[in-house]
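Trainee: Fold the following for me, if possible:
(chains A and B)
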Amino acid sequence: MKKPKFQAPTGMHDILPEEQKYFQKIYETVSDIVSFYGFKKIDTPILEEAELFSKGIGLSTDIVEKQMYTLKTKGGDFLALRPEFTAGIVRAYIEHGMFTLPQPLKLYTFGPVFRAERPQAGRYRQFHQFDLEVFGEGSAVIDAQIIQICYNILQDLKFKDVIVEVNSIGDSQCRPYYKKLLVNYLKSHQAALCTNCRRRLRESPLRVLDCKEEKCQRVVARAPQIIDHLCQECNNHFKEVLEFLDALELPYHLNPYLVRGLDYYTKTVFEIFEEDSLEEKHIALLGGGRFDMLVKLLGGKDTPVCGVAGGVERIIEGMRARAVRFPRSSSPQVFLAQIGTLAKRRSLKLFEDFRKAKIGMIESFGRDSLKAQLGRAQKSEVKYTLILGQKEALEETVIIRDMDTGRQRTVKLDKIVGEMKRKLKIKK
RNA sequence: GUGAGCGUAGUGUAGUGGUUUAGCACAAGAAUUUGUGGAAUUCUUAGGGGGAGUUCGAAUCUCCUCGCUCACCCCA
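Mentor: Model prediction:
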């Protein structure tokens, strides 16, 4: 293949017409469900000040350290393509004084986010997320409800066996203490760890916990667990979350080794997987948690927040795997074929009549041979074809052809819209 | 950033140094038929990512480069 002069940048993809239905389906599902729970939509800029992310997400996180697309404007501003939604939404919350609105304030959004990493399965440089955030409510009900919402969304998208993994990673009260404990323990077993983990031990010791290496897991199995070292408040909170999940009858795994890569989390963290993908691929469909410090950290009032982000492409992959079907009711059911210039003139008008009647119609004004037009009609899988020829145009009639049976009927031109309306309604 | 695999028409592929004017299928367009689709026939469009080398000869071997894919890291 001769390489075209221009190609989409590495890790970024066109969303072709064929795949649009997946995105639409997901966005519709999310919007529907989430509005029921009182979420309002917000859109934030794709670019933000780079510092917003380095401060919010954490300077030493991979996302900020090496995955952020940054640029300097002509005016000297240092901006970054958003690598996730939360920081931007929190910024907007503070900037517009949304703490004056009735709390909890529930916001959602979706769109592209960017991370400059090596693309691979389920991972792109430009990908799409939907994102929910609940501001101003510290209660564990919210944590559980957000998980419930995610679960509902996946159910609606026909995911059967979904499993939620939850954990609590404590807060500024208890986590530093636990970290010390863990580091001490790991240091004494350093020899038994993989090289990666020995590095992690220095940089982010919590991450050793979810290493997949067998030898590390053996060490980790005896390590002190954060849930045994939560402070009173975190402990209660976590218990409540689990109780609520029980009450909702949501299947969950308590995974004491679940930690997340973003610094801003406190207390609850969770990830949602497809159950059968758990063993081989460790690719989460959604991930989220609570971050009660973030608003203050970014310059706002002390406000608890809980949120989640879903990976649209990853969900689509799952939908593809289970061959989720889409009703094709929205696609046009009528094809308009025309022969001769007089008929063509009439057809243009007729086409407009159908548009006004909100009946989907496909035309092929560029083609003249009836054969070619019927071929086209057949390919577009319509139920009916209207044939308007020279003769019909003169007689003010039109032929309705049923594409399944091949039966034809001639109808007066001024009756046709009503007639088709009836036919298509009855069919449904 | 590290490592591995792969790159032949729009798509999917065959060919593993000469019998290749690179074969096949699907897709797309046209004709047979200026008024009736799913079939058939014929025709058309279009190809070894790019560069260098080995060789009498390269899609085929070597190197470089670009791209894609997968894994690690990390994450949605």
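
Trainee: thought A:H253 was touching A:L242?
Mentor: No: with contacts counted by CB atoms under 8 Å, A:H253 stays clear of A:L242, the gap being 11.1 Å. All C-beta spots, glycine's among them, are computed from the backbone N, C-alpha and C.

Trainee: Mind listing the shared neighbours of these two?
Mentor: By CB atoms under 8 Å, 6 or more residues apart in numbering, A:H253 and A:L242 have these common neighbours: A:V166.

Trainee: So for chain A, the centremost residue is which one?
Mentor: A:V312 (3.3 Å; CA atoms, centre = their mean).

Trainee: Can you tell me how far the residue lying closest to that residue once chain neighbours are set aside is from A:L285?
Mentor: Once flanking residues are discounted, A:V312 sits nearest to A:H128: 3.8 Å by CB to CB, 6 or more residues apart in numbering. From A:H128 across to A:L285, the span is 13 Å (CB to CB, to the nearest Å).

Trainee: With A:Y37 instead?
Mentor: With CB to CB as the criterion, A:Y37 and A:L285 are 19 Å apart.

Trainee: Give me the more crowded residue out of these two.
Mentor: The neighbour comparison of A:Y37 against A:L285 (other CB atoms under 10 Å) goes to A:L285, with 23 against 15.

Trainee: need the contact list for that one.
Mentor: A:L154, A:F159, A:V162, A:I272, A:F273, A:E274, A:G310, A:G311, A:R314, A:I315, A:G318.

Trainee: those strands in the stretch 51-200 of chain A, which residues are they?
Mentor: Along the stretch 51-200 of chain A, the stretches classed as strands by DSSP state E, counting those that start in this stretch are A:70-72, A:78-81, A:105-114, A:126-135, A:162-168.

Trainee: Rank the helices and strands of chain A by mean pLDDT and give me the bottom one.
Mentor: helix A:195-203 (a mean of 73; mean pLDDT, DSSP states H and E).

Trainee: and the angle for whichever strand or helix holds A:V30 with strand A:105-114?
Mentor: Using DSSP states H and E, A:V30 falls within helix A:17-36. Relative orientation of helix A:17-36 versus strand A:105-114 (axes from the mean of the first three to the mean of the last three CA atoms, to 10 degrees): 160 degrees.

Trainee: average pLDDT for helix A:17-36?
Mentor: Mean pLDDT, helix A:17-36: 91.

Trainee: Next to RNA strand B, which bits of the stretch 251-400 of chain A? Give me the list.
Mentor: A:260-262, A:271, A:281-287, A:309-311, A:313-314, A:339-340, A:367-372, A:374-375, A:377-379, A:387, A:389-392, A:399 (CB under 7 Å from any atom of the strand).

Trainee: Got the phi and psi for the residue of the stretch 151-300 of chain A found nearest RNA strand B?
Mentor: Scanning the stretch 151-300 of chain A for proximity to RNA strand B using CB to the nearest atom of the strand identifies A:G261 as nearest, at 0.6 Å. Main-chain dihedrals, A:G261, degrees, to the nearest 10: phi -80, psi -10.

Trainee: What residues sit buried inside the least confident helix or strand of chain A?
Mentor: The neighbour-count check on helix A:195-203 (16 or more other CB atoms under 10 Å) flags A:C197, A:R200, A:L201 as buried.

Trainee: ok, the last one touching A:L186?
Mentor: What that stands for is A:L201. Yes: counting by CB under 8 Å, A:L201 touches A:L186, with 5.4 Å between them.

Trainee: before we move on, the earlier item: buried ones only from the residues of the stretch 251-400 of chain A next to RNA strand B, please, as a PyMOL command.
Mentor: Of these, the buried ones can be selected in PyMOL as follows, counting by 16+ other CB under 10 Å:
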select buried, chain A and resi 260+262+271+283+284+285+286+287+309+310+311+313+314+339+340+374+377+387+389+392+399
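
Trainee: The residues of the stretch 251-400 of chain A next to RNA strand B in strands, which ones?
Mentor: Among those, the members falling in strands (DSSP state E) are A:E271, A:L286, A:G287, A:A309, A:G310, A:G311, A:I387, A:I399.
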